[in-house]
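Engineer: sequence and computational prediction follow.
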Amino acid sequence: MFAVRADRGIMVARSYAAARGFSLIELLVTISIVAILAAAALPGFSSTMKSVRTRDTASKLALDMNVARAEAVKRGVAVGVFSNAGGWANGWGVYLGSGAGSVWAIKTGVPAIPPIAVSPAIDPTLLLSSSSSNVVFGAQGDVVSSAMTDVVLSTCPKSDSNTPVVRVTVKASGSVFSTSANTNSTVTACP
């Protein structure tokens, strides 16, 4: 069938078949191809998201360590980063001390001074651990925790050994940095 219409004074003949659009088969083939491509890309995307969450957690922790150090130097008193009850994975807080030998608010359960910063529990698909439950910076910006050695906090996904472990290291001098260890490295054991 043909339709005839006037377009600016010119008669144009069109076929109804040409004006219908895509057939159902063409649409199903296109949707199938898109679904196959999405299924092939999904594992790579999942691994990327795990890596981003791991690095994000380490970055937040390193930031709070640097905030604690800066506050200790600025205020001239000790400032500590303490893990919440149950470990670092349950979150942490930055607390101000009131001088040498002070009793920390987190230890007494009666926070006389509000925390400087608080971080909630991390993503439940990640692990975050350390041999120390706190890092305390002195007025000079150095670590004055009881051990006074380097503190290493490691974070990684619980179920993916291919995602690199990200470590936040606090040196005894107070410097804070993070490193990423590939799975072929000798220091990759996830906590």
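Structural biologist: In hand now; what should we look at? Being a predicted model, the structure only gives us computed values, none of them experimental.

Engineer: need the helix or strand of this protein with the lowest average pLDDT.
Structural biologist: helix 105-108 (a mean of 48; mean pLDDT, DSSP states H and E).

Engineer: middle-most residue in this structure, spatially?
Structural biologist: Centroid-nearest residue in the chain: D56, 2.3 Å away (criterion: CA atoms, centre = their mean).

Engineer: pLDDT value on that one, please?
Structural biologist: Listed pLDDT for D56 reads 90.

Engineer: quick check: phi and psi at it.
Structural biologist: Backbone torsions of D56, given as degrees, to the nearest 10, read phi -60, psi -40.

Engineer: cool, E71 as well?
Structural biologist: Per degrees, to the nearest 10, the backbone of E71 is at phi -70, psi -40.

Engineer: now do it against G87, distance only.
Structural biologist: 23 Å (CB to CB, to the nearest Å). (C-beta placed from N, C-alpha, C; glycine too.)

Engineer: neighbour count: the two, which is higher?
Structural biologist: Using other CB atoms under 10 Å as the criterion, E71 and G87 rank with E71 on top: 19 against 16.
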